[in-house]
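# Okay, predicted coordinates and the sequence, questions at the end:
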Amino acid sequence: MNKLILDGKAVAQEIKSNLKKRVESLTEKGIVPCLATILVGDNPSSETYVRMKGNACEKIGIKSIRIQLPKDIQTEELIDAIQELNNDDAVHGILLQHPVPSHIDERKAFEAINLKKDVDGVTSAGYGQTALGFGEYPSCTPAAILNILKYYQITIEGKQAVVVGRSPILGKPVSALLLNENATVTTCHSKTANLPDILKQADIVVAAIGKPKFIQGDWLKDGCIVLDAGYNKGNIGDVDYESCYNVASAITPVPGGVGPVTIATLLKHTVDSAEKTLT
Ligand code: NAP
C-alpha cells in the first residue's frame, strides 16, 4: 500500500502563499492587519505557542500584540483586557490562549470576544455558525484539519469519520465541519465505551485527546486516514505514530502536520478580518 505522509508545512505554505501580497495591499491602504494574543500565566507550552504565532505573523507583515497577564488575574480583569482589544480599531483578531488557569471562567472570557474579531472561532456564536455551515472563522485547528484533507483531495463525503475528543475548540467543531462535508461522524470522548471497536469502522480518524501516543495502530482499519491534532510534551502526538503509520494509507506527522496549518489558518483569518474593515 502506498503511504502518504500528510505534509502540514506544504499545506501551510499554500495558505500563506498569497497572504503576504494581501497584507502589503492592506498596508498600502493604511491598515496593518493585527492579531492580539492574550496569555494568562506562564505555562511553558502556551508560551511556545504564542511565540510561534507571533513569529509567523511578523514573517508576513501582520502586527502581533502580546498581552501577558499574571496567573492570579480574575475573570473580570481578563474580560476588561478583552474589551479593550474589542474597542481598538487597530486590532483585527483576538486570540485568548487556551487553557487559562482553572479559577478563571474560560467560557465567559471567550464569550467576551467580539464575533468580528473571533478569528479562532471560540465564541458560542462563532461555533454555532461553524456548525450551521456559514461560520467565517471556524476554530483554526479544526479548519486546518479540513484544509489538509482538501489539499490532498481526500474524499470526505460518504466516509465514516471518528473524532476522538469533544472539546469546544477542537473535537466538537471538527466533527461539525466533517458532518457539513457529508461524512458520517462519530464523536468519542472519555466516557465512550469500546473505543477501539468504533475506530475500527473509521475511514477518517481525528485524534484530539491530549494524551501522548494514545491511539494504537491495531485499533484502526487498514487504509484509514489519520489526522493527529495532538501536541504533547516532547513533540509527541495523540496517536502512536509507528503502529498507526503501518496501518494507515495517510497520516499527519507530529510535528509538521496539523500544527503549521493551524498557524497559517490563524494568519489567514486575521487578514480576512482586516480586509473586512475596508467594506
Ligand atoms: P481537551 O480540552 O483536554 O479535550 C480532550 C478531549 O479528549 C476531551 O473531550 C476528553 O473527553 C477526550 N478524552 C480524554 N481522555 C480520553 C480517553 N481516554 N478516551 C477518549 N477520549 C478521551 O484538549 P484539546 O484542547 O481539545 O486538545 C486536544 C489535543 O490537541 C492536545 O494534545 C492539544 O495539545 C492538541 N491541540 C493541538 C493544536 C494544534 O494546533 N495542533 C491546537 C489545539 C490543541 P471528555 O470530554 O469526556 O473529558
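Received, thanks. The shown structure was predicted, so the numbers you read here are calculated from the model rather than taken from an experiment.

# Could you pick out the residues of the protein near the ligand for me?
Counting by Cβ under 6 Å from any ligand atom, the residues of the chain close to the ligand are 141, 164-167, 169-171, 188-192, 195, 208-211, 229-232, 238, 258-259, 262. In this view, the C-beta of every residue, glycine as well, is placed from N, C-alpha and C.

# if you set the cut-off to 5 Å instead, what comes out?
Residues of the chain lying close to the ligand by Cβ under 5 Å from any ligand atom are 141, 165-167, 170, 189-190, 208-210, 229-231, 258-259, 262.

# Enumerate the positions of stretch 41-54 that are buried.
Within stretch 41-54, the residues that count as buried by 16 or more other Cβ atoms under 10 Å are 41, 43, 46, 49-50, 53-54.

# So which of the residues of the chain next to the ligand sits lowest on pLDDT?
Least confident entry in these, by pLDDT: Tyr231, with 92.

# burial measure for it, as a count.
For Tyr231, the neighbour count with other Cβ atoms under 10 Å is 21.

# so it touches Gly259, yeah?
Yes: with contacts counted by Cβ atoms under 8 Å, Tyr231 reaches Gly259, the gap being 6.1 Å.

# Helices of the stretch 1-150 of the chain, start to end?
Remark: helices assigned in the stretch 1-150 of the chain by DSSP state H, counting those that start in this stretch are 8-16, 19-28, 44-59, 75-86, 106-111, 124-132, 140-151.

# which residue packs closest to the residue in the stretch 1-150 of the chain positioned nearest to the ligand, ignoring adjacent ones?
Residue nearest to the ligand within the stretch 1-150 of the chain (Cβ to the nearest ligand atom): Thr141, separated by 4.0 Å. Closest residue to Thr141 apart from its sequence neighbours, by Cβ to Cβ, 6 or more residues apart in numbering: Thr262 at 4.7 Å.

# what do you get for Lys116?
Lys116's closest residue in space is Ser273 (Cβ to Cβ, 6+ apart), at 6.7 Å.

# Tell me which residues touch the one you found, please.
Contacts here follow Cβ atoms under 8 Å, 6 or more residues apart in numbering; on that basis Ser273 touches 33, 92-93, 116-117, 119, 137.
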